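Chemist: need a structure here:
(one chain, ligands or ions: 1)
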Amino acid sequence: MAKNVDIARDLSLTAFLERELGVQAKRMGRHARFNYCPDCGNEGHQPNKLQIQIDDKHYFCHRCRDKGTVIDAAMKLWGMDFGEAVDRLAGNHSGDVKAKPVDMEKVKKEDTLRNQKIAEVLKRLKPIFADSADDFKCIQYLTKVRKLPLEVVREAQKRGMLAFMPSNVKNAESRIIKACGEQLLKDAGMWKEGAKRPSICYRPIVFILPGETSAEFRIIGEPKPGMLKSIRFGTNIPYPFVWRSKTPSTKVAVVEGAIDTLSMVALGTKSHIVGLPGCNNWDIEWFIKIKDKLHIEEYVLALDNDSSSETNPGQKGQERLVEAMNMANLKHSRKVLPENSDINEILKARSVA
Ligand SMILES: [Zn+2]
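Modeler: Numbering: from 1, shown residues only. From the prediction side, this is the model:
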């Protein structure tokens, strides 16, 4: 039995899912992705929702947040218990899903190199950011659609958290390529093989994370089907978005993303604000560091309430954050948002009234 467990654990999760689901995984960056999840199946029709981690041994579903190993996947897909699934995995057909060893050292080295390239791109985009600071469409979108007051937008630019590129794709393309060169953009992962132009050309609103080693590039308005509204580059994130209050405060409001951070400012919050790059994208170390640096006594969690989605990722993410904060002895409270809303929705509702 123990031996079977070892055999099963060693299998390639990607190859196993390809065989069981009868489809080929899609490669996105370093990860293999599937449209189907062992737990929530086809629900949500969210393309590429299942992510296989680089080790090819663990999966994570971006829809239902289920995660597990090849054994968990097999138990769910086959409706078997642990022992049965292990035996079947280790049985006759394990040969076709044997894992190729992953060289983690090599992966780490490549990641470091890519992060350096991303930081270099961000540096080279600076003159473009400076020239595009008044881009009409970017400002219109943030002020008219997102209802952020112009002075908050301007303050975010001044603080280096927000920048614009030309909203005209052709203009953006020529300036970006001239500033960075084709090779650097490809090395940074911003220009995919076979793509007409770098993906960042379509995404002129740029939210820059502290340290300037990672940034989120966002389109204006809503994405066309199959298009990502924002793409974040860089895995080296020393801090999330941090908005320091101008007046002294011992509290930090925790929200999801850059737009909610600015919406919180617009709502007149007097506490500091932390914007997570995603509801499941955080590191408890960030909160420990921020607590010490800003002398924080309490975190007020206000992640999205996606109540129309049966899985409510914002609230699920918040639950996990609460657990981690308890373990780290960080004092926190929860602000419950109205059904189906985030901070920006609250701001928009207020602007109408
Ligand atoms: Zn799922």
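
Chemist: pull the residues that contact the helix or strand bottoming out on mean pLDDT in the chain.
Modeler: The helix or strand of the chain with the poorest confidence is strand 26-28; it has a mean of 81 (mean pLDDT, DSSP states H and E). Residues outside strand 26-28 that contact it (Cβ atoms under 8 Å, 6 or more residues apart in numbering): 32-34, 48. Using the backbone N, CA and C atoms, a C-beta is placed for each residue, glycine as well.

Chemist: can you do 10 Å?
Modeler: Outside strand 26-28, the residues that touch it by Cβ atoms under 10 Å, 6 or more residues apart in numbering are 14, 32-35, 47-48, 51-52, 192.

Chemist: quick one: distance of the very next helix or strand once past that strand to the chain centre.
Modeler: Note on strand 26-28: by DSSP states H and E, the next helix or strand toward the C-terminus is strand 31-34. Centroid separation for strand 31-34 versus its chain: 15 Å, with Cα atoms, centre = their mean, to the nearest Å.

Chemist: what pairs with strand 31-34, parallel or antiparallel?
Modeler: strand 26-28 (antiparallel), strand 50-52 (antiparallel) (DSSP bridges).

Chemist: which ones are touching Pro277?
Modeler: Contacts of Pro277 by Cβ under 10 Å, 6+ apart are 207, 209, 214, 216, 232, 234, 237, 240-241, 256-258.

Chemist: 7 Å - rerun?
Modeler: By Cβ atoms under 7 Å, 6 or more residues apart in numbering, Pro277 lies in contact with 209, 216, 232, 237, 240.

Chemist: swap in Ala85?
Modeler: Per Cβ under 7 Å, 6+ apart, neighbours of Ala85: 71, 74-75, 78.

Chemist: host element of Arg73?
Modeler: Just to correct that, residue 73 is Ala rather than Arg. Ala73 belongs to helix 70-78, assigned by DSSP H and E.

Chemist: could you point out which element follows that helix?
Modeler: Using DSSP H and E, the helix or strand that follows helix 70-78 in sequence is helix 82-90.

Chemist: for that next one, buried residues please.
Modeler: 85-86, 88-90 (16 or more other Cβ atoms under 10 Å).

Chemist: which of those residues sits closest to the ion?
Modeler: Ala85 (18.2 Å; Cβ to the ion).

Chemist: least confident of the contacts of strand 26-28?
Modeler: Minimum pLDDT for those is recorded at Pro47 (81).

Chemist: ok, and the closest non-adjacent residue to it?
Modeler: Closest residue in space to Pro47, ignoring its immediate chain neighbours: Asn35 at 5.6 Å, by Cβ to Cβ, 6 or more residues apart in numbering.

Chemist: now the stretch 251-353 of the chain against the ion: closest residue?
Modeler: Thr311 (7.9 Å).

Chemist: sorry, back to before: export the contacts of Ala85 to CSV and append columns for distance to the ion, pLDDT and neighbour count.
Modeler: Listed next are those as CSV, based on distance: Cβ to the ion, whole Å; pLDDT from 0 to 100; neighbours: other Cβ atoms under 10 Å:
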residue, distance to the ion, pLDDT, neighbour count
Ile71, 17, 94, 20
Ala74, 16, 93, 25
Met75, 15, 93, 20
Trp78, 17, 90, 14
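
Chemist: greatest separation within those: which pair is it?
Modeler: The widest separation within the contacts of Ala85, taken as Cβ to Cβ, falls between Ile71 and Trp78 and amounts to 10.6 Å.

Chemist: return the most buried member of the strands paired with strand 31-34.
Modeler: When you average the neighbours per residue for each of the strands paired with strand 31-34 (mean count of other Cβ atoms under 10 Å), strand 50-52 leads with a mean of 23.

Chemist: columns distance to the ion on top of the buried residues of helix 82-90, output as TSV?
Modeler: Formatted as TSV, these follow (distance: Cβ to the ion, whole Å):
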residue	distance to the ion
Ala85	18
Val86	22
Arg88	22
Leu89	21
Ala90	26
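
Chemist: got the residues of this structure near the ion?
Modeler: Selection of the chain residues close to the ion by Cβ under 5 Å from the ion yields 37, 39-40, 61, 63-64, 66.

Chemist: which one of those sits in the busiest neighbourhood?
Modeler: Cys37 (25 neighbours; other Cβ atoms under 10 Å).

Chemist: pLDDT on the top helix by length along the chain, on average?
Modeler: Ranked by residue count and defined by DSSP state H, the top helix of the chain is helix 104-124. The average pLDDT within helix 104-124 is 90.
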